[in-house]
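[1] Structure for this input, please:
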Amino acid sequence: MRTYFENKNVDFTCKHCGRIVPAQTAESGVVNRNHCPTCLHSRHVDLFTPGDWLCACKAIMVPVGLTLKRCRDKYAAECQGELMLIHRCMNCGALSINRIAADDDTSQILNVFKVGSKWNTQLEIIYQQMRIIPLDKSDIHLVETQLYGRTSCCR
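    Now for the predicted structure:
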């Protein structure tokens, strides 16, 4: 029996802002491009694994916060993995964590962080259920260091 691989990692038009988004790994730095680098919105297409396109929802996913990728070294005293976007589906409310791409707008990421650090009780319950630890305003130094390689002198 033959199986055929369909490459779904192709350029697409953002359903939120209308920008044409290039999906080439060389440009974005990620294998499965899933969000717009300008507005950071995504689309609910993946069900089990990144790039599987098995979800029937297909609604817009809004960036609602930032978190850090979980560290695999359980013996590390302090594990600061890479910065990740938290997206929430506008239709079904599902959450997903997505890698930040090399061409993402850093000022937009910082805006998501500032808004996301004011999360509500309902979202906090979902975070706990999914074992997501969102970054809050006390993590500004970490966010700026990961985004810019330094902290800003003026806030």
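
[2] Show residues contacting the helix-or-strand element of the chain with minimal mean pLDDT.
    When each helix and strand of the chain is scored by mean pLDDT, DSSP states H and E, helix 25-28 comes last, with a mean of 78. The contact list for helix 25-28, computed with CB atoms under 8 Å, 6 or more residues apart in numbering, reads Asn9, Pro22, Val31, Pro37, Ala101, Ala102, Asp103. All C-beta spots, glycine's among them, are computed from the backbone N, C-alpha and C.

[3] these two touch, right, Arg33 and Val21?
    Yes: Arg33 lies in contact with Val21 (CB atoms under 8 Å); the separation is 6.7 Å.

[4] which neighbours do those two share?
    Contacts common to Arg33 and Val21, judged by CB under 8 Å, 6+ apart, are Phe12.

[5] Comparing these two, which residue is more hemmed in?
    Taking neighbours as other CB atoms under 10 Å, Arg33 and Val21 compare with Arg33 leading, 27 against 21.

[6] who's in contact with the longest strand anywhere in the chain?
    Of all segments of type strand in the chain, defined using DSSP state E, the longest is strand 60-68. Applying CB under 8 Å, 6+ apart, the contact partners of strand 60-68 are 15-16, 35, 40-44, 79-91, 94-97, 108-109, 112-113, 115-117, 119, 123, 132-135, 142-143.

[7] Quick check: what element follows it along the chain?
    Following strand 60-68 in sequence order, the next helix or strand is strand 83-89 (DSSP states H and E).

[8] Give me the sheet partners of that following strand and which way each runs.
    strand 60-68 (antiparallel), strand 95-99 (antiparallel) (DSSP bridges).

[9] Report the buried residues of that strand.
    Leu83, Met84, Leu85, Ile86, His87, Arg88, Cys89 (16 or more other CB atoms under 10 Å).

[10] what's the spacing between Asp11 and Arg33?
    9 Å (CB to CB, to the nearest Å).

[11] what residues are shared contacts of the two?
    Each of Val21, Pro22, Ala23 lies in contact with both Asp11 and Arg33 under the rule CB under 8 Å, 6+ apart.
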